[in-house]
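*Asks:* model the structure of this input:
(one chain, ligands or ions: 1)
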Amino acid sequence: MTAAEPLLEVEGLTTTFDTETGELTAVDGIDFAVGEGETVCIVGESGSGKTVATESLTRIVREPPGRVEGSVRFDGRDLLTLSEPELRRVRGNEIAHVFQNPQEALNHCYTVGWQIVEALRVHRDVSEAAARARAVDLLDRVGIGNASARFDDYPHELSGGEKQRAVIAMALVGDPDLLIADEPTSALDVTVQAQILKLLDGLQEEFGTAVLFVTHDLGVVAQIADRIVVMYAGKVMERGDVLDVFERPAHPYTRRLLSCVPGIGGTDGGIPGELPDPRDPPAGCRFAPRCAHAERACRTGGQPEELAVNPGQRVSCVLYRDGWDPTVVRDDPLDPNPDPESNSDPDPESNSDPDPESNGVSSTDD
Ligand code: SF4
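*Replies:* Have a look, this model is predicted:
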């Protein structure tokens with residue numbers, strides 16, 4: 001896909017929470033962009049900051065204890081400078097959220113049709129009859145059969161997949177330019193998951209909506225993404241066109257994530273070690289305690305500056321300071337596809353066994 005015009009441009013996004021045990025920086029100065037009509041996936045393990053990052057865009061994180069800083073330019077405005085009433089007009093109208101659990105997004109005391117009508121009337125000055133007709137149309141478009149009859153169903157009368165379809169219908173009432181979908185399929189079984197992904201893909205084509213999709217599942221990314229942003233411990237590790245990143249993953253963390261996905265080259269089930277404590281992150285690269293390639297330069301000076309390894313593909317790793325070299329990460333003893341020819345000589349202090357005492361494997365599941 002050719003690079004689309006940025007609809008959303010995020011710069012230096014930082015979200016901090018005051019907690020009883022100290023200040024916690026969940027998202028630490030990240031940048032990314034979403035073009036009109038494109039799908040960008042933010043991926044990473046649970047705790048990597050991807051959900052907080054997307055909830056910070058329209059400031060639905062609670063402030064306080066949260067504090068959101070940086071710049072979120074959307075359609076010519078910085079959302080972080082808008083007043084709460086101005087932001088409310090953006091939410092639901094121009095930017096809509098779909099969350100992981102449709103159970104929590106629906107009120108079980110009201111019919112799904114009534115809830116869609118109410119959402120419509122918040123955003124549009126329409127008669128009840130027109131709102132009902134539009135709600136039925138939306139239920140139909142998201143694939144709920146016999147929509148005019150199902151309008152009067154209560155949430156408990158819908159299957160899990162139908163509930164998520166109804167939630168997506170509610171998200172579409174304002175004709176949003178950007179849909180932020182946070183793990184919208186992870187509570188669903190594999191068959192329904194595939195149907196919902198197909199639905200989102202079809203709606204994107206029909207409405208031209210850009211999608212920012214949060215997931216830990218690289219199998220889902222492979223199906224839907226134009227571009228990918230890999231997050232770890234509140235920082236961006238790698239970004240690029242999805243085909244480039246899948247074919248030439250550069251960052252050791254991206255490679256380890258891919259190694260967890262059977263079917264796209266992966267074989268095993270997790271990444272040894274754990275994410276760092278966000279109250280006390282490593283002084284250098286955030287991934288250093290788990291990285292088999294870590295060298296002295298990785299342990300100080302903050303997260304390495306992002307370097308371009310291919311047009312449009314950037315990586316935050318010192319291994320690429322001299323440019324793209326596919327051999328530098330092939331000696332990873334944890335890599336499922338090691339290169340026996342590689343002579344790279346990592347720092348003897350590196351964590352070729354990140355924690356020999358630990359059997360802890362941090363699952364990529366939430
Ligand atoms: S080699 Fe260094 S900079 Fe690159 S991921 Fe490993 S620890 Fe981070």
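*Asks:* only C-alpha atoms from now on, for both contacts and neighbour counts.
*Replies:* Fine.
*Asks:* which stretches in this protein count as strands?
*Replies:* 6-19, 22-35, 39-43, 66-74, 77-78, 95-98, 178-182, 210-215, 227-232, 235-241, 271-272, 307-310, 313-315, 361-362 (DSSP state E).
*Asks:* what's the closest of those to residue 324?
*Replies:* strand 307-310 (4.9 Å; CA to CA).
*Asks:* could you list every helix and strand that the closest one packs against?
*Replies:* If contacts are counted by 3 or more CA pairs under 8 Å, 6 or more residues apart in numbering; DSSP states H and E, strand 307-310 sits against strand 313-315.
*Asks:* need the strands of the chain in JSON lines (columns: mean neighbour count).
*Replies:* As requested, the strands of the chain are arranged in JSON lines below (neighbours: other CA atoms under 10 Å):
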{"stretch": "strand 6-19", "mean neighbour count": "19"}
{"stretch": "strand 22-35", "mean neighbour count": "20"}
{"stretch": "strand 39-43", "mean neighbour count": "27"}
{"stretch": "strand 66-74", "mean neighbour count": "20"}
{"stretch": "strand 77-78", "mean neighbour count": "14"}
{"stretch": "strand 95-98", "mean neighbour count": "24"}
{"stretch": "strand 178-182", "mean neighbour count": "24"}
{"stretch": "strand 210-215", "mean neighbour count": "26"}
{"stretch": "strand 227-232", "mean neighbour count": "25"}
{"stretch": "strand 235-241", "mean neighbour count": "25"}
{"stretch": "strand 271-272", "mean neighbour count": "20"}
{"stretch": "strand 307-310", "mean neighbour count": "18"}
{"stretch": "strand 313-315", "mean neighbour count": "24"}
{"stretch": "strand 361-362", "mean neighbour count": "14"}
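*Asks:* tell me which of the ones you listed lies nearest to residue 327.
*Replies:* Of all these, strand 307-310 comes closest under CA to CA, at 13.0 Å.
*Asks:* would you mind writing the CA trace of that closest one as PDB?
*Replies:* Output in PDB follows, covering the C-alpha atoms of strand 307-310 (Å, rounded to 0.1, in the frame of the first residue of the first chain):
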ATOM      1  CA  LEU A 307      17.300   3.900  12.800                       C
ATOM      2  CA  ALA A 308      16.000   3.300   9.300                       C
ATOM      3  CA  VAL A 309      16.800  -0.300   8.100                       C
ATOM      4  CA  ASN A 310      14.600  -0.200   5.000                       C
END
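*Asks:* which residues pair with the spatially most central residue of the chain across the strands?
*Replies:* Residue closest to the average C-alpha location in the chain (CA atoms, centre = their mean): residue 214, at 2.4 Å. Note on residue 214: beta-bridge partners by DSSP bridges are residue 42, residue 182.
*Asks:* from residue 72, how far out is the residue at the greatest distance from the centre of the chain?
*Replies:* Largest separation from the mean C-alpha position in the chain: residue 129, at 37.2 Å (CA atoms, centre = their mean). Between residue 129 and residue 72 the computed distance is 37 Å (CA to CA, to the nearest Å).
*Asks:* go on, residue 156?
*Replies:* Distance from residue 156 to residue 72, by CA to CA: 38 Å.
*Asks:* how about the residues of the protein by the ligand?
*Replies:* 251-252, 285, 287-288, 291, 293-295, 298, 317-319 (CA under 6 Å from any ligand atom).
*Asks:* list the residues that contact residue 187.
*Replies:* 100, 101 (CA atoms under 8 Å, 6 or more residues apart in numbering).
*Asks:* what's the answer for residue 199, then?
*Replies:* Counting by CA under 8 Å, 6+ apart, residue 199 has contacts 142, 143.
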